[in-house]
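# below are the sequence and a predicted model for it; my questions follow.
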Amino acid sequence: CDIKIYPKYGNASNYLVFEAKGYKAYGQGLDLAVIEPIANPARANAGSYQDLSRYAQEDVDVARKEVLKNDVGERVFVFGYPENGGEIFTEGYNIGYEYYQGARYLNTSALVRRGNSGGLAIDSYGNFLGIPTFVRGNIGMILDIDFVMNQIL
């Protein structure tokens, strides 16, 4: 598929186009695509990688998610590349938070397997929750992105 970026939102005739490479996942009420834009200068209205950085939001604005006090029980979606190959998409629930070895983790019932480390965990609104890191028993441990952001900002 194509990705179109509109430098002046609302002006449908002024856009930049990129080709897309990526992975799409479906779940109960979730339709999410993780895509990589590919610049192809041979295309009409072709965008460049410099255009992406010019019109994209700052990473910190996209990644930041304020943890809600009542988000325990909310759905969690985990994406990754487990050791047996291929992509994996699992879903479960936020079953709480805990501090472990000096870092804050979201505990989830979503299946997290070896090799999911460094993947992506989001909620049903598309908010970035954190990074799947390890499994303890049947509990997936997701490094809380708010904790990480507060450490580096």
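Arrived safely.
# show me where the protein has helices.
Ranges of helices in the chain, per DSSP state H, are 49-55, 59-63, 145-152.
# now the last one, how far from the centre of its chain.
Its chain's C-alpha centre lies 16 Å from the corresponding centre of helix 145-152 when counted by C-alpha atoms, centre = their mean, to the nearest Å.
# out of the helices of the chain, flag the one nearest residue 97.
Nearest to residue 97 among the helices of the chain is helix 145-152 (9.1 Å), distances taken as C-beta to C-beta. Heads up, the C-betas are built off the backbone N, CA and C, glycines and all.
# what pLDDT does residue 150 get?
Here, the pLDDT recorded for residue 150 equals 77.
# re earlier: so which of the helices of the chain gets nearest residue 89?
Residue 89 sits nearest to helix 145-152 of all the helices of the chain, at 18.8 Å, using C-beta to C-beta.
# other SSEs contacting the closest one?
In terms of contacts (3 or more C-beta pairs under 8 Å, 6 or more residues apart in numbering; DSSP states H and E), helix 145-152 is packed against helix 59-63, strand 103-108, strand 128-136.
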